[in-house]
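Peer 1: Let's see this in three dimensions:
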Amino acid sequence: GFGFAPVKPESRERSVLTMVRTEAIPYDTIKEGMTWDWETIPEYIESLERTPKGVNCIQYMPTASLMIYVMGLEAAKTRAATKAEQQEMKRLLHEGMDAGLCGFSIQRLGVNSTQADFDGTPMVTDTMCDEDILCLAEVLCERNEGFIQITQSTGDMKADLAFLEKLADTARRPILHNAIVPTRNNPLPHRRSMAWLDRMREKGLPIYGQCGTGRTGFAFTLEHWNLYDASPAWRELTTGTKEEKFEKMRDPELRQRVIAETEEADKRLQVIQAGVGGAIPKLVVTGVNKQPELEHYQGKSLGQIAEEDNKHPIEVMLDLSLEADLNAEFTGPDRGSNANFMAEMMNDSDYTIPGISDGGAHTKFFVGGAYTTDFLRWLVRDEGKVTLEEAHYRLAALPAKAAGFKDRGTLKEGAWADIVVYDLDKLDSGGGWVGDIAYDLPGGEWRRVQQAIGYRAIMVNGEITFENGECTGATPGKLLRKGSAEQAEVRAA
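Peer 2: Predicted coordinates for the structure are as follows:
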């Protein structure tokens, strides 16, 4: 629900800082890569249209950006919108939909957000009131077009699901509920979610579940880490400049608070820890900033080192980070994937979609885009839990249907030629569990990448963009205004 438009010139820097911490996108990369030839959403849409693209894309209205544009940052963070501000936000959403937006997206994670803002405070939308969200849903209902992507997890599951139902009832348009993620040993969480989706469909509410089906590992340093934000102490520790983080990590009182809050972790922090490889003692040291005096720690878990050094695992984590200039790397060895549970989510509900790429976010932690290859090689080829036909439907046709794409997602005469040709026996992801490091971002910055293996050709709108793993340099991608490339062509005419 956050982004770069609409944005007033004086708010650009603050929007950049939000992305730097929240999505681990380097500051220099954003500053060098952004043209800023827009302020409004229609202007941004035109800029996106002009940008050469290797893939097709759609654009949501980022709700946080909309609120800040209308209300100002301080007001948006501290109060509900006035009636006049609600009307202006609705007007701007209408304007954006006219220009080709697909709907709006929103993160709503409460006061102790698991993904906080640059300064450690909740994101604007984390504490957004129901009425302000519902007024935007009314726009989609009035237009009978568009859909909503929402991450709603405030810590009160019953209230969260009740609001999602109300949102779907107000919009009467598809809702992409993010996310449904199974555990290793307990099937109840994902089964409850799937049963809830079925109940919503029985009420005529078009809610889809975005599922976490990927097994990509996480590797991170405390210089960039932010995914323990559900803990106020961790959030305090990992905000600020590098020098400020050094000072905080040396603070005995803050250390004790971090330890206490981790040991008494609420359910949301437990889920996050499981998602990045497990509890902190299970994390493995996989990098020590190339410092010879620390190399003997490589390959050991924080729990093992703690036992050897008679320390708490978090003390080990912080001490190693301080000694390695915040570049000690910690890797989650196991995300707890269960093939049977993953297959249940795909086979036993008509409304679940595999994922999650996270749109390329958290570039220094993991490679979300590998989930498609992993889905095919793991659940289809290796485990035989999902048929190839079902996999293709879930990966292509169902997302296209949910998003309202026209003539995409299936192979049929007259449809756009978005085609992937692959050898199922050879499918793999290069870079191992966590990917390789590539210094290919603007500003010379790095990100984690996994090379897709086994793909003979990728075709976008009838042009080959990758052949035998090599990029052809073609940029046939289109901005799909309202789910259709024709919308842009009509506007241009």
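
Peer 1: Might one say that Val284 is in contact with Thr331?
Peer 2: Yes - taking CB atoms under 8 Å as the contact criterion, Val284 and Thr331 are neighbours in contact, 5.1 Å apart. Using the backbone N, CA and C atoms, a C-beta is placed for each residue, glycine as well.

Peer 1: and the next element down the chain from the host helix or strand of Ala195?
Peer 2: According to DSSP states H and E, Ala195 maps onto helix 188-202. Once helix 188-202 ends, the next helix or strand along the chain (criterion: DSSP H and E) is strand 207-211.

Peer 1: Note down every partner strand of that following strand and its orientation.
Peer 2: Sheet partners assigned to strand 207-211 using DSSP bridges are listed as strand 175-180 (parallel), strand 352-353 (parallel).

Peer 1: And the lowest mean pLDDT element among the helices and strands of this structure?
Peer 2: When each helix and strand of the chain is scored by mean pLDDT, DSSP states H and E, helix 485-492 comes last, with a mean of 54.

Peer 1: Could you check how far the nearest residue in space to Thr286 that is not next to it in sequence is from Leu197?
Peer 2: Spatially, and ignoring its direct neighbours in sequence, Thr286 is nearest to Thr331 (4.4 Å; CB to CB, 6 or more residues apart in numbering). Look at Thr331 and Leu197: by CB to CB, to the nearest Å, they are 33 Å apart.

Peer 1: still on that earlier bit, list the contacts of the residue nearest to Thr286.
Peer 2: For Thr331, the contacting residues are 217-219, 277, 283-284, 286, 433-434, by CB atoms under 8 Å, 6 or more residues apart in numbering.

Peer 1: among the residues you listed, who's most crowded?
Peer 2: Leu283 (25 neighbours; other CB atoms under 10 Å).

Peer 1: thought that residue was touching Leu302?
Peer 2: Yes - at 5.1 Å, Leu283 and Leu302 qualify as touching, with contact defined as CB under 8 Å.

Peer 1: hey, what's in contact with both of those two?
Peer 2: 317, 330.

Peer 1: correct me, but Arg201 touches Thr352?
Peer 2: No - using CB under 8 Å, Arg201 makes no contact with Thr352, being 11.6 Å away.

Peer 1: mind listing what Asp132 touches?
Peer 2: Asp132 is in contact with 67, 80-81, 86, 89, counting by CB under 8 Å, 6+ apart.

Peer 1: redo that, cut-off 10 Å
Peer 2: Shown in contact with Asp132 (CB atoms under 10 Å, 6 or more residues apart in numbering): 63, 66-67, 71, 76, 80-81, 85-86, 89, 125.

Peer 1: Could you verify that it is part of a strand?
Peer 2: No - the assignment for Asp132 by DSSP: H, G, I helix; E, B strand; the rest coil gives helix, which leaves it out of any strand.

Peer 1: which parts of stretch 7-27 are buried?
Peer 2: 7, 11-12, 15-16, 18-26 (16 or more other CB atoms under 10 Å).

Peer 1: got it, and stretch 36-51?
Peer 2: Neighbour counts over stretch 36-51 (16+ other CB under 10 Å) mark 38-42, 44-49 as buried.

Peer 1: quick one on the thing from earlier: so Arg201 and Thr352 - more neighbours on which side?
Peer 2: Taking other CB under 10 Å, Arg201 and Thr352 do not tie; Thr352 has more neighbours (24 against 15).
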